[in-house]
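Novice: what follows is a protein structure lacking sequence information:
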């Protein structure tokens, strides 16, 4: 059951989207979000759907897994849809109790749900095609200029990659401790909320202890290899923009410009 | 004799229906008899851990059955917890599951889940602590103040305190120093002798299993390849080597002696056996 978590899941592959520089992909996602939130009417939404479909085709990520990624936000989607449907002022089509269905509401609901769905699918497409290590590398490099303001960018990205690295380990550990306590008759599945919360103690205490132990061991192992922060540290895989990155960035700019232009004409 | 646990054509496939599906245990049949000390051996990835997690119902078979006293343990899924009290399982590195404020409370976790209270509970805890060689004054200490070896003993006591009919230990001596290992195995042997309960000792050390077990099951490639008394199992030296295991060190010594022309029984698998055989040879005046 714990294995179903898809947070930051990466699908290894060798498509164009996989080979893009992580910085390019981060910038493209930013451009994509800006464009998505500037879209106002059917034409610009249509353009964005085309862009997303093109990206999915290029990345060769199965659509099914992208759709599965939407599952956790289903409640938010439904909630947004319903709120917009019934509580948007405008030309009333149908009225019952506090529900007031309007023409504007239908439009808005469709656009809002579409916007959130595409937002999530677009960002997931990035995490699906970029390994966590490359992603944090890209983030560190993009945020690099902020080091001038004495922001600990390197430390933050190191923390992020360590956290990502240890998610599967901790899940495995949780499974193991759960089994061990179940073997002693612990019951995680039945009882009232309070009883269940109490039943978590035999799971959480050993889990925290082992997390601290691991952190300690990791710190020692890093110091043994002379880790002393980001100053003067070089990379094994140096990020370098290729021709394909410039092309992708240029296309993103074109899309943003097109959406802005369409917005001026209310399309 | 009627087996206490019968593993009947057990198969367990992880991730069924996905491209990552893999059978950790395939069509395994194994009988465990009441009162015996069964050694289970196999190297990493042979399916040992998956198999033993079926014996107390932590994993549900994807094929086949587990019979406890002749009854399918999954016949009533709602009562699977009762099986876990009767078939006690000590995981590998069990010291990492300790969580209570005191050693005594941690050992009491299992029996308390069974509904025991008061004097009966305290008696169980003290008895279990005695079996694993923990002195009574440790019971009020925090488990996190203890040494690694002592923590492991606390965790084992936590399962023994449930007084299971079958006690399964997954690599109980892993990572202990030789002295700690010997004393822990001694404790397990005397627990087995004193209570007459069934014990399954999982290990990857041939020497450890040979010294202690009445019967040995050898696991490899998701199945049981050999099962029988140590004498029977070690007579299949080639099969053992084929699955990446070897006979115990003393058996190697005996085999080498034989190869060099000493008239010695090759089915020797404990240090004690070898000493006796050599003594007999010396008295018989054979060349030494």
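Specialist: Everything's here; your move. All values reported here derive from a predicted model rather than from experimental measurement.

Novice: who's in contact with residue A:229?
Specialist: A:154-155 (C-beta atoms under 8 Å, 6 or more residues apart in numbering or on different chains). Placement of C-beta: from N, CA and C, glycine included.

Novice: next one, pLDDT for it please.
Specialist: Reported pLDDT at residue A:229 in the predicted model: 77.

Novice: could you do residue A:196 as well?
Specialist: 84.

Novice: pretty sure it is in a strand, no?
Specialist: No: counting by DSSP: H, G, I helix; E, B strand; the rest coil, residue A:196 falls outside a strand, being helix.

Novice: now stretch B:216-232: mean pLDDT?
Specialist: Stretch B:216-232 comes out with an average pLDDT of 87.

Novice: quick check: the gap between residue B:36 and chain A.
Specialist: From residue B:36 across to chain A, the span is 21 Å (C-beta to the nearest C-beta, to the nearest Å).

Novice: one more: residue B:1?
Specialist: The value you get for residue B:1 to chain A, if C-beta to the nearest C-beta is used, is 27 Å.

Novice: count of residues packed around that residue?
Specialist: Counted by other C-beta atoms under 10 Å in any protein chain shown, the residues lying close to residue B:1 total 8.

Novice: and the residue nearest to residue B:155 when sequence neighbours are not counted, what pLDDT?
Specialist: Distances taken as C-beta to C-beta, 6 or more residues apart in numbering or on different chains place residue B:94 nearest to residue B:155, at 3.4 Å, with adjacent residues excluded. If you check residue B:94, the pLDDT there is 87.

Novice: now for residue B:94: which residues touch it?
Specialist: Counting by C-beta under 8 Å, 6+ apart, residue B:94 has contacts A:180, B:152, B:155-156, B:158-159.

Novice: quickly list the domain ranges of the chain.
Specialist: Went with chain A since none was named. For chain A, the domain assignment from automatic domain parsing gives the residue ranges A:1-130+A:237-267, A:152-235.

Novice: not quite, go with chain B.
Specialist: For chain B, automatic domain parsing gives the domain ranges B:34-48+B:78-244, B:248-288.

Novice: and among these, the most buried is which?
Specialist: Of all these, domain B:34-48+B:78-244 has the most neighbours on average by mean count of other C-beta atoms under 10 Å in any protein chain shown, namely a mean of 19.

Novice: quick check: residue A:110 vs chain B, distance?
Specialist: 35 Å.

Novice: export the domains of chain B to CSV and tack on distance to residue A:240?
Specialist: Conversion of the domains of chain B to CSV gives the following (distance: least, C-beta to C-beta, whole Å):
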stretch, distance to residue A:240
domain B:34-48+B:78-244, 40
domain B:248-288, 56
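
Novice: comparing those domains by mean pLDDT, which bottoms out?
Specialist: When the domains of chain B are compared by mean pLDDT, domain B:248-288 comes last with a mean of 78.

Novice: low-confidence ranges, the stretch 51-200 of chain A, go.
Specialist: Along the stretch 51-200 of chain A, no part satisfies pLDDT under 70.

Novice: got the residues of it near chain B?
Specialist: A:176-177, A:179-187 (C-beta under 8 Å from any C-beta of the partner chain).

Novice: list only those of those residues flagged as buried.
Specialist: Buried subset of these (neighbour count, 16 or more other C-beta atoms under 10 Å in any protein chain shown): A:176-177, A:179-186.

Novice: narrow these to those in helices?
Specialist: If you go by DSSP state H, those have A:176-177, A:179-183 in helices.

Novice: skip the chain neighbours and tell me the closest residue to the residue in the stretch 151-288 of chain B positioned nearest to chain A.
Specialist: Residue nearest to chain A within the stretch 151-288 of chain B (C-beta to the nearest C-beta): residue B:158, separated by 6.1 Å. Nearest residue to residue B:158 in three dimensions, chain neighbours excluded: residue B:107, at 4.9 Å (C-beta to C-beta, 6+ apart).

Novice: distance check, that neighbour against residue B:282.
Specialist: Distance, residue B:107 to residue B:282, by C-beta to C-beta, to the nearest Å: 49 Å.

Novice: residue A:32 too?
Specialist: Distance of residue A:32 to residue B:282, given as C-beta to C-beta: 86 Å.

Novice: and what of residue B:269?
Specialist: Going from residue B:269 to residue B:282 by C-beta to C-beta gives 21 Å.

Novice: who are the contact partners of the closest residue to chain A within chain B?
Specialist: Nearest residue of chain B to chain A (C-beta to the nearest C-beta) works out as residue B:113 at 3.2 Å. Residue B:113 makes contact with A:184-187, B:85, according to C-beta under 8 Å, 6+ apart.

Novice: got the residue ranges for the helices in chain A?
Specialist: A:16-19, A:22-38, A:42-59, A:63-68, A:74-86, A:103-129, A:132-143, A:153-183, A:193-199, A:201-224, A:243-264.

Novice: kindly apply the preceding question to the stretch 101-250 of chain B instead.
Specialist: Assigned by DSSP state H, counting those that start in this stretch, the helices in the stretch 101-250 of chain B fall at B:103-113, B:118-131, B:148-160, B:178-195, B:206-212, B:230-234, B:237-242, B:249-259.
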